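Enquirer: Sequence and predicted structure below; questions after.
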Amino acid sequence: MHRPTDRPTPSGYPPLRSLRSWGALALVALLAGCGEPPELEEDAAAVVVQMARAEGQTGWTSLTPVPEPRTEVSVAAIGHRVYLLGGFVAPEEGVEGARPRTPTTLWAYDVVEGEWTDEGEIPGGTHHAALVALDGRLYLIGGYVEASFEPRGDVHIYDPDTGSWSQGEPMPTPRGALAWAAVDGRIHTVGGTVADKDALHDHEHTTDSPDASVGTHEVYHPAEDRWERRAPMPTARNHHTAQAVDGRVVVTAGRAGRDFTMTTTEIYDPATDSWSTGAPLPTGRSGVASAVLDGWMYVFGGETFDPGAQGTFEEAERYHLGDDRWEAIDPMPSARHGLGAAAAGGAIYVVSGGPRPGFAFGTANERWIPE
């Protein structure tokens, strides 16, 4: 039986000097043969994985820690950079009654150099927000305002080429702790919590949850800067996760009311605007991260506040939509929740998160490479 654990984040990580030198040589060759910078960036991330495999570094590897301890972060990858923003950091020291703060620094981890860089400020503090990488840009959607749990509907768009932010049409239903996935150039936002669920229409939002959780499903069209409402998710929840798999949106995990360890898996088909049920997640949990690699949806970490079982999870499990089955992989080196994950070049980078439930903060940066 899998149980939550409270392992501390490891402080050490292996040197990458040999990997970087091999990667630099390979990238020189790639530069001669690749004309488009985006393609080169994708190839660079793949070279890192190839070199790691050559050095026997499959499975989990601990990498350069995040520069500041955070939790409830948002993470996405473009090319060979993994971006991290938002979340909470520890309260200001020496201030009685101080609450956790919401940092505004956008960090980028270069998987080739193995280093973090400060990419400037994001538009205000946020946490529990969606962060979507699509067509070379980052879309920051929803979340909660500053150190409150007031849902927001803002859409902010980041262009890495210019380092600038712009605004998109706001999400119709402001939500935090939502899930998201990009399918066919559109961004699906699913579930989360709202400020006043009693003001919503049940047939549009599935507001039958015992708290402010909803099944609201709204889709953003970046090319047209507009939103549309689609069929709501049957199971209202928050702190869940979603991924695009084979043209569909797969949602799993989460919490609602006093149920902190939901296992329900639901699958949305954009072609029919309908939902179906998949095999349940083996280890129920919330506050998880996920990513897709080689057709598998991976789910990492999480937390629970269930009486007698409070803790964070080290579990890592993956789902195959075609076979409708889950299987466990090696657990993460450090159990945590409020973490983020992104795939780049054939690896998944699992970043940040708290080692204990609630307001705990961590710097873990761990990479998974399948054998």
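Expert: Cool, got the structure.
Enquirer: residue boundaries of the helices in the stretch 51-200 of the chain?
Expert: Here the stretch 51-200 of the chain has no helices by DSSP state H, counting those that start in this stretch.
Enquirer: where do the strands sit along it?
Expert: Using DSSP state E, counting those that start in this stretch, the strands assigned to the stretch 51-200 of the chain run over residues 59-62, 74-78, 81-85, 105-110, 115-121, 126-127, 130-134, 137-141, 144-145, 155-159, 164-168, 179-183, 186-190.
Enquirer: how about the spatially most central residue of the chain, what does it touch?
Expert: Per C-alpha atoms, centre = their mean, the C-alpha nearest to the average position across the chain is that of residue 340, at 3.9 Å. Residues in contact with residue 340, defined by C-beta atoms under 8 Å, 6 or more residues apart in numbering, are 73, 74, 75, 76, 84, 131, 289, 350, 351, 352, 353. In this view, the C-beta of every residue, glycine as well, is placed from N, C-alpha and C.
Enquirer: how close does residue 226 sit to residue 218?
Expert: Taking C-beta to C-beta, to the nearest Å as the measure, residue 226 falls 11 Å from residue 218.
Enquirer: If you count surrounding residues, which of these two has more?
Expert: residue 218 (23 against 11; other C-beta atoms under 10 Å).
Enquirer: give me the element the more buried one is part of.
Expert: Assigned by DSSP states H and E, residue 218 belongs to strand 217-221.
Enquirer: Also residue 44?
Expert: Counting by DSSP H and E, residue 44 is part of helix 37-54.
Enquirer: Same check on residue 277?
Expert: For residue 277, the host element (DSSP H and E) is strand 274-278.
Enquirer: Run through who's touching that strand.
Expert: With C-beta under 8 Å, 6+ apart, strand 274-278 has contacts from 231, 233-234, 250, 252, 264-269, 319, 321, 324.
Enquirer: Show me how to select, in ChimeraX, the buried members of those residues.
Expert: Buried subset of these, written as a ChimeraX selection, criterion 16 or more other C-beta atoms under 10 Å:
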select :231,233,250,252,264,265,266,267,268,319,321
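Enquirer: Next, format the contacts of strand 274-278 as a markdown table and append pLDDT.
Expert: Converted to a markdown table, these look like this (pLDDT from 0 to 100):
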| residue | pLDDT |
| --- | --- |
| 231 | 97 |
| 233 | 98 |
| 234 | 97 |
| 250 | 99 |
| 252 | 98 |
| 264 | 98 |
| 265 | 98 |
| 266 | 98 |
| 267 | 98 |
| 268 | 98 |
| 269 | 98 |
| 319 | 98 |
| 321 | 98 |
| 324 | 98 |
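Enquirer: what's the farthest-apart pair in the contacts of strand 274-278?
Expert: 231 and 319 (21.1 Å; C-beta to C-beta).
Enquirer: what sits against the nearest residue to the residue nearest to the centre of the chain once chain neighbours are set aside?
Expert: Once flanking residues are discounted, residue 340 sits nearest to residue 75: 2.5 Å by C-beta to C-beta, 6 or more residues apart in numbering. Residue 75 sits next to 82, 83, 84, 131, 289, 339, 340, 341, 342, 349, 351, 352 when contact means C-beta under 8 Å, 6+ apart.
Enquirer: separation between residue 189 and residue 263?
Expert: Distance, residue 189 to residue 263, using C-beta to C-beta: 22 Å.
Enquirer: and if you look at residue 214?
Expert: Residue 214 is 19 Å from residue 263, where distance means C-beta to C-beta.
Enquirer: same thing with residue 309?
Expert: Distance of residue 309 to residue 263, given as C-beta to C-beta: 15 Å.
Enquirer: Of these two, which one has the most company?
Expert: Between residue 309 and residue 263, residue 263 has the larger neighbour count (other C-beta under 10 Å), namely 16 against 11.
Enquirer: so what pLDDT did the nearest residue to residue 293 once chain neighbours are set aside get?
Expert: Excluding its sequence neighbours, the residue lying closest to residue 293 (C-beta to C-beta, 6+ apart) is residue 343, at 4.8 Å. On pLDDT, residue 343 comes in at 98.
Enquirer: count of neighbours near residue 343?
Expert: By other C-beta under 10 Å, the residues close to residue 343 number 20.
Enquirer: hang on, it packs against residue 291?
Expert: Yes. Contact status for residue 343 versus residue 291: in contact at 4.6 Å, counting by C-beta atoms under 8 Å.
Enquirer: how about the strands of the stretch 201-350 of the chain, start to end?
Expert: Counting by DSSP E, counting those that start in this stretch, the strands of the stretch 201-350 of the chain are 217-221, 226-229, 241-245, 248-252, 265-269, 274-278, 289-293, 296-300, 303-304, 311-312, 316-320, 325-328, 340-344, 347-351.
Enquirer: Average pLDDT for the first one, rounded please.
Expert: Spelled out, that is strand 217-221. 98.
Enquirer: How about it, which residues are buried there?
Expert: By neighbour count on 16+ other C-beta under 10 Å, the buried set for strand 217-221 is 217, 218, 219, 220.
Enquirer: As JSON lines, these with distance to residue 62 would be great.
Expert: Output for the buried residues of strand 217-221, formatted as JSON lines (distance: C-beta to C-beta, whole Å):
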{"residue": "217", "distance to residue 62": "37"}
{"residue": "218", "distance to residue 62": "37"}
{"residue": "219", "distance to residue 62": "37"}
{"residue": "220", "distance to residue 62": "35"}
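Enquirer: Name the nearest of the residues you listed relative to residue 195.
Expert: The closest of the buried residues of strand 217-221 to residue 195 turns out to be residue 218 (C-beta to C-beta; 15.6 Å).
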